[in-house]
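> fold the following and give me the result.
(one chain, ligands or ions: 1)
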Amino acid sequence: MSQEIHGTYSSEPGEPAESAEPEATRRAADEAESSRASRGWWDRNADEYQSDHGGFLGDDRFVWGPEGLDEAEAGLLGPASSLKGLDVLEIGAGAAQCSRWLAAQGARPVALDLSHRQLQHALRIGEGLPLVEADAGRLPFRDGSFDLACSAYGAVPFVADPVRVFREVHRVLRPGGRWVFSVTHPIRWAFPDEPGPEGLSVAASYFDRVPYVEQDESGDAVYVEHHRTLGDRVRDVVAGGFRLVDLVEPEWPAWNDQEWGGWSPLRGNLIPGTAIFVCERD
Ligand SMILES: C[S@@+](CC[C@H](N)C(=O)[O-])C[C@H]1O[C@@H](n2cnc3c(N)ncnc32)[C@H](O)[C@@H]1O
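Alright, predicted model coming up:
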């Protein structure tokens with residue numbers, strides 16, 4: 001399903017929050033169930049996400065993750081001065097803060113997300129950006145439409161088949177195009193998702209790829225996260241047709257005293273929280 005988003009932001013959230021607490025478990029979740037769960041979860045939780053993290057993200061900054069690494073300094077897509085006039089696809093764009101920064105550099109971004117409510121927040125912040133509601137596994141664009149593709153924690157951690165997403169990104173990129181995406185650092189899978197000291201002891205196998213699933217009373221998934229080891233991610237990038245040119249593990253900077261879920265200064269100073277894959281298409 002894909003749809004261009006028009007209209008205005010409504011202050012009424014899409015659907016009421018779940019009534020009963022979902023049950024957290026580990027079990028298989030295929031592509032369709034994962035996609036359905038993500039759409040519902042992000043539609044229900046977009047308001048809270050933007051209210052909790054919108055200030056840190058900024059309306060028009062490009063932040064790669066909770067450490068606060070900013071593309072203006074990192075230049076992972078290339079120097080900011082080189083972005084002018086480039087067609088850029090942002091995947092899992094949320095409220096399109098990164099796309100807004102790209103537009104300010106003179107690029108032509110398209111912000112794509114599965115969640116209607118997240119894209120409504122993009123409209124709330126400002127109109128004028130092309131917004132597309134679609135699944136990252138089925139990109140509604142012609143071959144070779146973009147010079148660059150990027151994603152800050154969008155889609156990749158939530159899909160059952162990341163290679164499918166990478167092949168789609170490869171298809172819509174022009175030769176020589178860069179694909180840069182950030183995800184939760186795979187090492188975090190082995191630790192409890194807690195910001196305090198309880199999040200510093202290994203509690204699960206890093207090698208266990210069984211997805212983390214929250215399900216409702218009927219057993220239907222309402223939230224899914226898929227784990228890949230670092231080696232899996234590298235193999236997926238290559239299977240998607242890309243060359244890996246860098247793997248960035250941002251260190252926790254001294255200025256950042258903010259917690260974001262399980263990401264905190266305490267843990268960030270000891271173990272990596274984010275992995276950013278810089279890939280190129282030949
Ligand atoms: C953690 S948020 C990141 C949003 C934004 N990049 C940011 O930094 O705030 C993850 C986003 O990925 C989107 N997403 C999840 N699964 C997706 C999929 N299969 N296709 C497209 N977007 C997806 C969600 O709707 C959500 O907006």
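> can I get stretch 211-228 in CSV, CA atoms only?
What follows is stretch 211-228, C-alpha atoms only, in CSV (Å, rounded to 0.1, in the frame of the first residue of the first chain):
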residue,chain,number,x,y,z
PRO,A,211,12.2,-11.7,17.2
TYR,A,212,11.0,-9.7,20.2
VAL,A,213,7.2,-9.6,20.0
GLU,A,214,4.6,-7.8,22.0
GLN,A,215,1.2,-9.4,21.4
ASP,A,216,-2.4,-8.7,22.4
GLU,A,217,-4.9,-11.1,24.1
SER,A,218,-5.6,-12.7,20.7
GLY,A,219,-1.9,-13.5,20.1
ASP,A,220,-1.7,-10.9,17.3
ALA,A,221,1.6,-9.0,17.3
VAL,A,222,1.3,-5.3,18.2
TYR,A,223,5.1,-4.6,18.2
VAL,A,224,7.9,-6.5,16.6
GLU,A,225,11.7,-6.0,16.6
HIS,A,226,14.0,-8.2,14.6
HIS,A,227,17.6,-8.9,15.7
ARG,A,228,20.5,-9.4,13.3
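> give me the residues contacting that stretch.
18, 20, 22-29, 33-34, 36-38, 40-41, 157-160, 162, 184, 186, 189, 208-210, 236 (C-beta atoms under 8 Å, 6 or more residues apart in numbering). Glycine gets a C-beta too; all of them are placed from N, C-alpha and C.
> who in the protein is up against the ligand?
Within reach of the ligand by C-beta under 6 Å from any ligand atom, the chain has these residues: 35, 38, 42, 57, 92-94, 113-115, 118, 135-136, 152-155, 158-159.
> 5 Å instead?
38, 42, 92, 94, 113-115, 118, 135-136, 152-155, 158 (C-beta under 5 Å from any ligand atom).
> among the residues you listed, which pair sits farthest apart?
Farthest-apart pair in these is 135 and 152; separation 17.7 Å (C-beta to C-beta).
> before we move on, back to that, just the buried residues of the contacts of stretch 211-228.
Among the contacts of stretch 211-228, those classed as buried by 16 or more other C-beta atoms under 10 Å are 18, 22, 29, 33-34, 36-38, 40-41, 157-160, 162, 184, 186, 189, 236.
> could you look up the SS state of the residue nearest to residue 109 when sequence neighbours are not counted?
Nearest residue to residue 109, sequence neighbours excluded (C-beta to C-beta, 6 or more residues apart in numbering): residue 99, at 3.8 Å. Classification of residue 99 using DSSP: H, G, I helix; E, B strand; the rest coil returns helix.
> which parts of the stretch 151-282 of the chain are strands?
For the stretch 151-282 of the chain, the strands defined by DSSP state E, counting those that start in this stretch cover 173-184, 212-215, 221-225, 242-248, 274-281.
> dump those to CSV, plus mean pLDDT.
Conversion of the strands of the stretch 151-282 of the chain to CSV gives the following (pLDDT from 0 to 100):
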stretch, mean pLDDT
strand 173-184, 98
strand 212-215, 98
strand 221-225, 98
strand 242-248, 98
strand 274-281, 98
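> out of these, nearest to residue 122?
strand 173-184 (18.9 Å).
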